[in-house]
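[1] heads up, no residue letters with this:
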């Protein structure tokens, strides 16, 4: 380290740079029309091909309830439902979703007509800062559906039996949604409240 | 209002609303996705452009060359501002490194350019086209090297008694060295700002920040403009934990972009840049010596620690709590902040104590074992009701022993296995551990304004709610004081147009800001009494009552608005007192006998923090601290590249915070205490108390489970597995 040396971009950032160069080389003016059905309403958008589904929602449709925490599929704040399955909206391009049926927190329920899961989150103080909350709620609803549909998880013991809703199943399936405020114990209670009401 | 002495019995001792559980009043907005955070405020100003930062890829040196011509020519780009085009922007006292300007690189991922374009895709694409060359300068990045060089070379912060003689005389001593890792706040909302400085005159900033006035002043310093030309709004903050106490690059880059383009510009720090561009908690190396008599009474502490900082910063003071947590006539503490070239270390939740107690409370466990004492009994024996450095200074309210006893009873401590490695369930070794918690209870000057409009009350203060529950507890305070219902109170926060508050930090926010709102309400009561021409009035059931007079608050002003404003100032009588918060953590873990993987199975916290203003939001704060403590114990650590001087694992995949599957049942008990010296509400903070000691309790439980004593955080399985007994 004693010698001065001239460096170009660091090795550690080359992947990041490379990704962007790749996207840029494709882009210049490449745009596409895409039709998305969001919360039951059809939207016709003309987008830069590089636009993620997350940014299509937040920036183009101003549906900002879906949050961007990392933009790399590492935090789950952008969880939405696409054709009935939860995904990270930051990890998919909007143009890949022609005609898809997308549900966001705005479609789950509003202040005057809360979904039972939203009410359960209020009842159990299942959030603090609120930034991860829409993603947690979208995931939580999907988790109960996935268990009911018999989709196994890492902690499912018997793959041939109906899956029981348990704390371990919920914790495992919710682990893609980070909450730095640390409301996990309360989120678990909220999800259990909805699960019990359903059964 | 001046708070110059401990308060007597007052309305909060007979409260209807304060101290009672109330659901968060901002909850409906948050669960429906309607609460507006900084980057997403499409409604506040039209024609927003997007800025994307470019960050330095060396730790120290100079930029010799920047070619932004390709970026400027890229589609949609409105402006590119490189750091070479500006002199270094003035640095506010609260920042250690410059945020932008000039050729010098002070740390890795320091911002060196911003590309402003019509969309994020365009700005990000163009940012990758900027060619940067550096002349790298040597730097010091290795804390271990610094530790071996600097041990025992600095003057202690405090030295009372004769520590060396006490150690020579003691029948039982401990001398161990411990390491804590550098940590990132990793709040879920990235640093983000929209800035409208289109005309170069008034600057409006929609941002995500814990401290409105500090940041407004820092912006004024940075751009050398009158602070009165700046307005800041931060009504919802997606987590802070100390990471958003200061002005950071997002707002600076957005302001530069806006001035350049004549349009509002928004900038969010991309997540992989946050860890090195923004601040973090410094790692520490700590040597802790404890001397005790054979009766278990501690006779001396000797605690020295180092942490890293950029030149001019203060690092992570891990020795502070050792000055007054436990009794002992002799003690020496020394903190050495070492100038290093790593990114800017600064405050993170319970700065100092989180790292210091992570070590002190393991050392206490080790010492108890040496003495053959129960670790709870050992702490009880060494409790103190005065500051041991200044025995004339009493703790106002210190119920640490009660926390320990209550916790031990509730947790079933007496039933635990005493022999390390002696309890097994299948492939899991089961262990139990505990730790004490201590954190100060500071208060800060805090102002508020209240407006009575037709029987409704509006509270305005620049206080922020970073998830802590400020909206709710300030509504409770106003409703309680004015004899109203919470539904008739509207709380408006986080705007520099409102009176300056304490802001959110240092666990001073709740105590200070509620006192400020109380002061404003008392001022409003005086105005109402004056208007009604009465000397004294009672405010209850939405009415004002004085003698024969009994009037609805809606009718006191004939439709006019009555506005009152005041500030709480805390007197220096507090300097003669020790005001603190205390707790005890109890944990059960299971450690896999084959892999060394640790699972936390049960957690209990008992807290002594004065009046708990709202048990729902306070409990959430504490379980949040416990959860962050699990991360600190088991997974969180930023790895330093000691050659190139940066944190390698700089995203949320490489830096592992606790997830759902890591967090077990958590129980929180608040002691029913009040502290009349703290504030008119007799409250103290809990947000930082919750993390204090948690990591040590987990480490002690791992020891009890396995017999393996780990003195380095995070306690990952690779650090455990080598020492595991044969399975």
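    Ah, there it is. Note that the structure is predicted; figures quoted are calculated from it, not measured. Residues are numbered from 1 along each chain as shown, chains lettered A, B, ... in the order given.
[2] and whichever residue of chain A sits closest to chain B, how many neighbours?
    Proximity of chain A to chain B (C-beta to the nearest C-beta) peaks at residue A:65, 2.0 Å away. (Glycine included, C-beta is placed from N, CA and C.) By other C-beta atoms under 10 Å in any protein chain shown, 24 other residues sit near residue A:65.
[3] swap in residue B:24?
    Neighbours of residue B:24 (other C-beta under 10 Å): 25.
[4] wouldn't it be in contact with residue B:469 here?
    Yes. In this structure residue B:24 lies within contact range of residue B:469 using C-beta atoms under 8 Å: 6.2 Å.
[5] spit out the residues that contact those two alike.
    B:616-617 (C-beta atoms under 8 Å, 6 or more residues apart in numbering or on different chains).
[6] quick check: the residue of chain B nearest chain A.
    Relative to chain A, the nearest point of chain B is residue B:33 (2.0 Å; C-beta to the nearest C-beta).
[7] quick one, helices of the stretch 1-150 of chain B?
    B:27-31, B:69-73, B:120-127, B:143-150 (DSSP state H, counting those that start in this stretch).
[8] highest mean neighbour count out of these?
    Of all the helices of the stretch 1-150 of chain B, helix B:120-127 carries the top mean neighbour count, a mean of 25, counting by mean count of other C-beta atoms under 10 Å in any protein chain shown.
[9] got the contact list for it?
    By C-beta under 8 Å, 6+ apart, helix B:120-127 touches A:20, A:23-24, A:27, A:48, A:50-51, A:55, A:59, B:50-54, B:70-72, B:74-77, B:80, B:113, B:115-117.
[10] please flag which of the residues you listed sit within strands.
    A:48, B:50-54, B:77, B:80, B:113, B:115-117 (DSSP state E).
[11] list the beta-bridge partners for residue B:439.
    residue B:581 (DSSP bridges).
[12] just to check, it is in contact with residue B:580?
    Yes. Counting by C-beta under 8 Å, residue B:439 does reach residue B:580; the two are 6.8 Å apart.
[13] which one of those two has more residues nearby?
    Taking neighbours as other C-beta under 10 Å, residue B:439 and residue B:580 compare with residue B:439 leading, 31 against 26.
[14] coming back round to it: quick one, what contacts the residue nearest to the residue of chain B closest to chain A when sequence neighbours are not counted?
    Leaving aside its chain neighbours, residue B:33 sits nearest to residue A:65 (2.0 Å; criterion: C-beta to C-beta, 6 or more residues apart in numbering or on different chains). Applying C-beta under 8 Å, 6+ apart to residue A:65 gives the contacts A:104-106, A:134, B:32-34.
[15] from those, pick the one nearest residue B:243.
    In terms of C-beta to C-beta, no member of those lies closer to residue B:243 than residue A:134, at 21.5 Å.
[16] what count of nearby residues applies to the closest one?
    Counted with other C-beta under 10 Å, residue A:134 comes out at 29.
[17] any residue of the one helix or strand it maps to touching chain B?
    Using DSSP states H and E, residue A:134 sits within helix A:133-148. Yes. Using C-beta under 8 Å from any C-beta of the partner chain, helix A:133-148 reaches chain B at A:133-134, A:137.
[18] want to throw the residues you listed into JSON lines with pLDDT and distance to residue B:128?
    Shown next, in JSON lines, are the residues of helix A:133-148 next to chain B (pLDDT from 0 to 100; distance: C-beta to C-beta, whole Å):
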{"residue": "A:133", "pLDDT": "98", "distance to residue B:128": "33"}
{"residue": "A:134", "pLDDT": "98", "distance to residue B:128": "30"}
{"residue": "A:137", "pLDDT": "98", "distance to residue B:128": "35"}
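[19] now those residues in a markdown table, with distance to residue B:348?
    Formatted as a markdown table, the residues of helix A:133-148 next to chain B follow (distance: C-beta to C-beta, whole Å):
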| residue | distance to residue B:348 |
| --- | --- |
| A:133 | 23 |
| A:134 | 26 |
| A:137 | 28 |
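[20] so which of these is the closest to residue B:477?
    residue A:133 (25.1 Å).
[21] let me see the contact set for the residue nearest the centre of chain A.
    Geometric centre of chain A, nearest residue: residue A:79, 1.2 Å, by C-alpha atoms, centre = their mean. Contact partners of residue A:79, counting by C-beta under 8 Å, 6+ apart, are A:66, A:86-89, A:134-136, A:138-139, A:142, A:176-177.
[22] pLDDT score for it?
    According to the prediction, residue A:79 has pLDDT 98.
[23] ok, what's across the strand from it?
    residue A:88.
[24] list the contacts of the nearest residue to residue B:55 once chain neighbours are set aside.
    Once flanking residues are discounted, residue B:55 sits nearest to residue B:109: 4.0 Å by C-beta to C-beta, 6+ apart. By C-beta under 8 Å, 6+ apart, residue B:109 lies in contact with B:55-57, B:273, B:275-277, B:343, B:646, B:650.
[25] quick one: which of those is most hemmed in?
    Counting by other C-beta under 10 Å, top hit in these: residue B:343 with 29 neighbours.
[26] part of a strand, is it?
    No. Assessed by DSSP: H, G, I helix; E, B strand; the rest coil, residue B:343 does not belong to a strand; its assignment is coil.
[27] surely it and residue B:640 touch.
    No. Counting by C-beta under 8 Å, residue B:343 stays clear of residue B:640, with 10.1 Å between them.
[28] shared neighbours of these two, which are they?
    B:646-647.
[29] still on that earlier bit, what separates the residue nearest to residue B:55 from residue A:73, distance-wise?
    Residue B:109 sits 21 Å away from residue A:73, going by C-beta to C-beta, to the nearest Å.
[30] quick one: the helices in chain A?
    With DSSP state H, the ranges of helices along chain A come out as A:14-27, A:53-55, A:105-108, A:116-123, A:133-148, A:167-173, A:184-198.
[31] is chain B contacted by the shortest one?
    Yes. With C-beta under 8 Å from any C-beta as the criterion, chain B is reached by helix A:53-55 at residue A:55.
[32] what helices and strands are in contact with the host helix or strand of residue B:702?
    Applying DSSP H and E as the criterion places residue B:702 in helix B:694-706. Packing partners of helix B:694-706 (3 or more C-beta pairs under 8 Å, 6 or more residues apart in numbering or on different chains; DSSP states H and E): helix B:353-371, strand B:428-440, strand B:580-592, strand B:598-608, helix B:615-634.
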